[in-house]
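Novice: Show me the folded form of this:
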Amino acid sequence: MFIVDLKYIVPLEQIDAHMNDHVKFLRKYYKQNVFVASGRKVPRTGGIILALGDSMDEIQQIISEDPFYVHKLAAFTITEFMTSQHHPALKDLLKS
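Specialist: Numbers count the residues shown, from 1 in each chain. Just a heads-up that it's a prediction; the model follows:
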């Protein structure tokens, strides 16, 4: 599993101008069962995406499609971690 941490590097007005395209990007990868959860940080300084993938390279390639990445609106950090424990309802999703 991967945690994608977005930190906005431009004013929120620029973020909001690309939000619809960002949401379309997110929906594309929810439909492909890559993204598990996503949302804004509080306070609104960026966002978090939880993603499933086979490799860091795969997730980096996917993130390179994000309008926030394409337009250099946010800095992205991707952290891979191994799920050793999880809620039982996530068993089929995580396949661990």
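
Novice: how about the CA coordinates for the helix or strand containing residue 36, as CSV?
Specialist: When elements are assigned from DSSP states H and E, residue 36 belongs to strand 35-40. In CSV, the C-alpha atoms belonging to strand 35-40 read as follows (Å, rounded to 0.1, in the frame of the first residue of the first chain):
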residue,chain,number,x,y,z
PHE,A,35,-7.2,4.3,-4.9
VAL,A,36,-8.7,3.2,-1.5
ALA,A,37,-9.3,6.6,0.1
SER,A,38,-8.5,10.3,-0.5
GLY,A,39,-9.2,13.7,1.0
ARG,A,40,-8.1,17.1,2.1
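
Novice: Now tell me what touches it from outside.
Specialist: Contact with strand 35-40 is made by 1, 26, 29, 46-52, 93, as judged by C-beta atoms under 8 Å, 6 or more residues apart in numbering. Glycine gets a C-beta too; all of them are placed from N, C-alpha and C.

Novice: That one pairs with which strands, parallel or anti?
Specialist: Strand 35-40 has the following sheet partners, assigned by DSSP bridges: strand 46-51 (antiparallel).

Novice: Which SSE is immediately downstream of the partner strand?
Specialist: Sequence order places helix 56-63 as the next helix or strand after strand 46-51, per DSSP H and E.

Novice: one step back: tell me the least confident of the contacts of strand 35-40?
Specialist: Ranked by pLDDT, those bottom out at residue 93, which has 77.
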